[in-house]
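>>> Need coordinates for the following:
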Amino acid sequence: MVGYAFMGRVHSQAWRNVTAFFDLPVAPAMRVICGRSKEDTAAAARRLGWAGAATDWRELVERDDIQIIDICTPGDTHAEIAIAALAAGKHVLCEKPLANTVEEATRMAEAAAASTAKSMVAFNYRRVPAVALAQQLVAGGRLGEIRHVRAQYLQDWIVDPEFPLVWRLQKDKAGSGALGDIGAHIIDTAQFISGQQLVGVTGLTETFIKDRPGGRVTVDDAALFIGRMSGGAMASFEATRFASGRKNALRVELNGSLGSLSFDFEAMNELWVSYGGGGFERILVTEPDHPYVGAWWPPGHGLGYEHTFTHEIKDFLEAIATGADPSPSFADGLRVQRVLEAVEQSRGTYKEIPR
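Numbers count the residues shown, from 1 in each chain. Okay, here's the model as predicted:
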């Protein structure tokens, strides 16, 4: 695994725990974790359960005892690492968004298509049991014709103007701000649940605090865009890190000809559904027959954020073992990247209303 910070910690937990809860045809061995600081990476290896540590990701790609490369680094390094790993025949799991640009994502998707190895983008919210159940309900026709897709991702962790200039606020490292960091998640989640792709968008972005301790902010703080889905549904999306009081509110609502459903990650074990024009009813998604849940706790004992990554690793390992194509693929990641670029390119094209 390359990277040991936030994503490195949660991925490590998933690699450690996946075989304790799921019966899999293969079992992962956590060989080596990689980071730029020798001392910090060695400490992370001890803390997170890795057998060894390295400071050059190329060492991982060259080692014969490593079959999987897990990329948990900022977006500016994804393409180089993933393309080299795929060329070496290593399976690749890559954090989202797939890359910082469409050009990089295209090269990564092409490398994935040319490789005999498997590859997957880590859009973990697909693996929330309630989200997976929502996708099943839509695919089964329970909502009828989908007419509205509504998605938000609301956070507030950079509201304070004294919050420092971290890498996520620098375009050369992150690619974009709220749009790519959390907007990518709701794009993928909405497309996954609805079974439709975005085919056109128009958007607006804003940077509320342009200078922070450490330098100039070069990404967006918030993004809004509307679009049309491939099945004809109208769609609206909002991603912001300035929604005071909202910590991790990833929300998706679909309205169809036969019913509606609604999900909010801040109540991640619940899915709200409405059929035939009646009011919404809560489904507590903790039953053994709900997606993924049977491997965990008794009914009513909720899951958390970290479980989505365990489900992700479980699905990835099963695909490798059986020869199936993991989902979401690098091609799926490229499609999300195209949406992000289209939103950025559409900024300022709205019609101003005369005063």
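>>> how near is S274 to P74?
From S274 across to P74, the span is 41 Å (CB to CB, to the nearest Å). (Glycine included, C-beta is placed from N, CA and C.)
>>> Apologies, that question was intended for D315.
As defined by CB to CB, D315 lies at a distance of 25 Å from P74.
>>> now the protein, which segments are flagged as low pLDDT?
Within the chain, the stretches with pLDDT under 70 are 348, 350-353.
>>> Mind checking what secondary structure S12 has?
Secondary structure, DSSP: H, G, I helix; E, B strand; the rest coil: S12 is helix.
>>> So what's the residue count around the residue lying closest to it once chain neighbours are set aside?
Nearest non-adjacent residue to S12, counting by CB to CB, 6 or more residues apart in numbering: L48, 3.9 Å away. Other residues lying near L48 total 19 when counted by other CB atoms under 10 Å.
>>> residues touching L48, list them.
Applying CB atoms under 8 Å, 6 or more residues apart in numbering to L48 gives the contacts Y4, G8, R9, S12, Q13, R16, I33.
>>> how about these, which pair is most distant?
Greatest spatial distance in the contacts of L48: Y4 and R16, 13.9 Å, computed using CB to CB.
>>> who has more neighbours, these two?
Between Y4 and R16, counted using other CB under 10 Å, Y4 has the larger neighbour count: 27 against 16.
>>> hang on, isn't that one packed against I33?
Yes - between Y4 and I33 there is a contact under CB atoms under 8 Å: 5.6 Å.
>>> Which residues are in contact with each of the two?
Overlap of the contact sets of Y4 and I33 (by CB under 8 Å, 6+ apart) consists of S12, T41, A44, A45, L48.
>>> ok, now how distant is the last one from C72?
If I follow you right, that is L48. For L48 relative to C72 (CB to CB), the value is 11 Å.
>>> Between the two, which contacts overlap?
In the contact map built from CB under 8 Å, 6+ apart, the residues linked to both L48 and C72 are Y4, G8.
>>> ends of stretch 173-185, how far apart?
Length of stretch 173-185, first residue to last, CA to CA, to the nearest Å: 18 Å.
>>> buried residues in that stretch?
By neighbour count on 16 or more other CB atoms under 10 Å, the buried set for stretch 173-185 is 173-185.
>>> For H11, give me its contacts.
If a contact means CB under 8 Å, 6+ apart, then H11 has M1, D70, C72, L93, A122, F309, I313 as its contacts.
>>> switch to 6 Å and redo it
When contacts are counted by CB atoms under 6 Å, 6 or more residues apart in numbering, H11 touches D70, C72.
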